[in-house]
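Student: have a look at this fold, sequence not included:
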């Protein structure tokens, strides 16, 4: 008989085709761990090691903090050596989780400020658990896609430095404990035009602050101030207010050949670096002129300038600040529509160097006491802590001052010159749009800025910069 056929060996089951890896939230690697942001870029110099060993994550900084909070320095407007510590009211030890930034990390400068405050605040206990921490920090500009957070209406703090009034649309009004907004008011060519679009629930003003990397105690009081006036705003038709002020300074310098100054960029340094050539130039200046953006508010250069110890000229700030800067005490405030009054103030303080130095010294001390990054984060945490109090009497027992709820509609917390925009009055409080014809907060209506005018300003600045030995390339 023929042999029986052998049974075919069973085939192994087909291999499963691997699918795409699970999509992780922005700012996290393939395993779901937070990604470290790109290293800080430094030009001609190094930053101080605030966050411990190289490569340490800013979201889990070294504890305890390795550097003292007290800063000691000398200044030509002080009688002797000065030591200041930042104002810190929030004392309740709290676990805080900071949602990591996207890999490209937009909003580098603001992220730097939060890094400083997060690393230095003694009441913060950094946490890797976003769903168990007492508070969760979220920066929409740095982290575009919000990450779900458990019980977010009682724990999530939004810190929005975005340009233009209005909330980040991916953050819903019922999803946070407190929302802090830098572009608190809307403007048109420097003119106050209203609050813009705002959420009504727990929506508060936010200001920039002084990063410790911008302040160099070793150089303070030891560098000769050989530049009379410095303004680093870059002329642009997109920023007519800043361009107009740059033009005023050029006119002032052209009419007074003995006055040494720069009006325009100092060098080609960018936003993602600690540019020592730029900061050293401000430390050589007697007066540094800054100006808020033309169509919103919140000027980073103002706090950079304050850290230099120069006398700071700044246009009006309608955003309430905790412990605001006062005209003639800490800074000199000018109307960005009135060149004649601006020229008078420049001439007055250049002719009175002792008075200018006293105000500059007071402005530096005020900034280092109340407006360092760690103090700004303290303002945010104490304001959020107050909101979580069970009732008004419980909030009062916390004993906090200058919280977001207290300053939100307080005209005295703004920095203005006459005519005043009273942000707490019926005329302006919660009014989204103010008629431009009313010219609120300004004396004059300035002419428009053309492209040809901007080109002329750029060329003029090249001449002034070259005469003082500054080059366009990074230093």
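Tutor: Now that the structure is in, tell me what you want to look at. Predicted, not measured: the structure shown is a model, and the values here were computed from it.
Student: going along the chain, name the strands of the stretch 1-150 of the chain.
Tutor: 42-43, 71-73, 82-84, 94-98, 124-126, 135-138 (DSSP state E, counting those that start in this stretch).
Student: and these, which is most packed in?
Tutor: strand 135-138 (a mean of 24; mean count of other Cβ atoms under 10 Å). Using the backbone N, CA and C atoms, a C-beta is placed for each residue, glycine as well.
Student: who touches it?
Tutor: The contact list for strand 135-138 (Cβ atoms under 8 Å, 6 or more residues apart in numbering) reads 94-99, 114, 118, 130, 146-147, 149, 152, 155-159, 171, 176-177, 381, 384.
Student: now do stretch 430-442
Tutor: 186, 188, 190-198, 316, 318, 335-338, 416, 419-421, 428, 445.
Student: repeat that with 6 Å
Tutor: Residues from elsewhere that reach stretch 430-442 (Cβ atoms under 6 Å, 6 or more residues apart in numbering): 188, 191-195, 335, 337, 421.
Student: same list, the strands of the stretch 1-150 of the chain, but as TSV with distance to residue 460 please.
Tutor: Formatted as TSV, those follow (distance: least, Cβ to Cβ, whole Å):
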stretch	distance to residue 460
strand 42-43	25
strand 71-73	35
strand 82-84	38
strand 94-98	44
strand 124-126	47
strand 135-138	43
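Student: on that earlier part again, for ChimeraX, what selects the buried ones among the contacts of strand 135-138?
Tutor: Buried residues among the contacts of strand 135-138 (16 or more other Cβ atoms under 10 Å), as a ChimeraX selection:
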select :94,96,97,98,99,114,118,130,146,147,149,152,155,156,157,158,159,171,176,177,381,384
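Student: could you report the pLDDT at the residue minimising distance to the centre of the chain?
Tutor: Nearest to the mean C-alpha position of the chain, counting by Cα atoms, centre = their mean, stands residue 208 at 2.7 Å. With respect to pLDDT, residue 208 scores 97.
Student: from residue 214, how far off is it?
Tutor: Taking Cβ to Cβ, to the nearest Å as the measure, residue 208 falls 11 Å from residue 214.
Student: again with residue 463
Tutor: In terms of Cβ to Cβ, residue 463 sits 28 Å off from residue 214.
Student: neighbour-wise, which of these two wins?
Tutor: More neighbours surround residue 214 than the other of residue 463 and residue 214, with 23 against 11 (other Cβ atoms under 10 Å).
Student: might you calculate how far the helix or strand containing residue 365 sits from the centre of the chain?
Tutor: Using DSSP states H and E, residue 365 sits within helix 353-370. Distance of helix 353-370 from its chain centroid, counting by Cα atoms, centre = their mean, to the nearest Å, is 20 Å.
Student: list of residues touching that helix?
Tutor: 71, 75-78, 84, 87, 210, 306, 309-312, 323, 330-331, 349.
Student: give me phi/psi at residue 461?
Tutor: phi -70, psi -30 (degrees, to the nearest 10).
Student: what about it, neighbour count?
Tutor: Around residue 461 there are 26 residues (other Cβ under 10 Å).
Student: quick check, pLDDT for the residue lying closest to it once chain neighbours are set aside.
Tutor: What sits nearest to residue 461 in space, not counting adjacent residues and going by Cβ to Cβ, 6 or more residues apart in numbering, is residue 264, at 3.1 Å. As predicted, residue 264 sits at a pLDDT of 83.
Student: based on its surroundings, how many neighbours for residue 264?
Tutor: 22.
Student: isn't it right next to residue 463, touching?
Tutor: No: using Cβ atoms under 6 Å, residue 264 is not in contact with residue 463; the gap is 10.3 Å.
Student: hang on, residue 313 packs against residue 288?
Tutor: No: with contact defined as Cβ under 6 Å, residue 313 does not reach residue 288; the gap is 7.1 Å.
Student: the two: who's more crowded?
Tutor: residue 288 (27 against 24).
Student: and that one, how far from residue 335?
Tutor: 18 Å.
Student: shaky segments in the stretch 351-475 of the chain?
Tutor: 464-465, 468-475 (pLDDT under 70).
Student: and the helices in it?
Tutor: 353-370, 373-387, 392-398, 404-407, 451-467 (DSSP state H, counting those that start in this stretch).
Student: single out the most deeply packed of those.
Tutor: Among the helices of the stretch 351-475 of the chain, highest average neighbours (mean count of other Cβ under 10 Å) belong to helix 373-387, with a mean of 25.
Student: for that helix, name the packing helices and strands.
Tutor: Contacts defined by 3 or more Cβ pairs under 6 Å, 6 or more residues apart in numbering; DSSP states H and E place helix 373-387 against helix 108-120.
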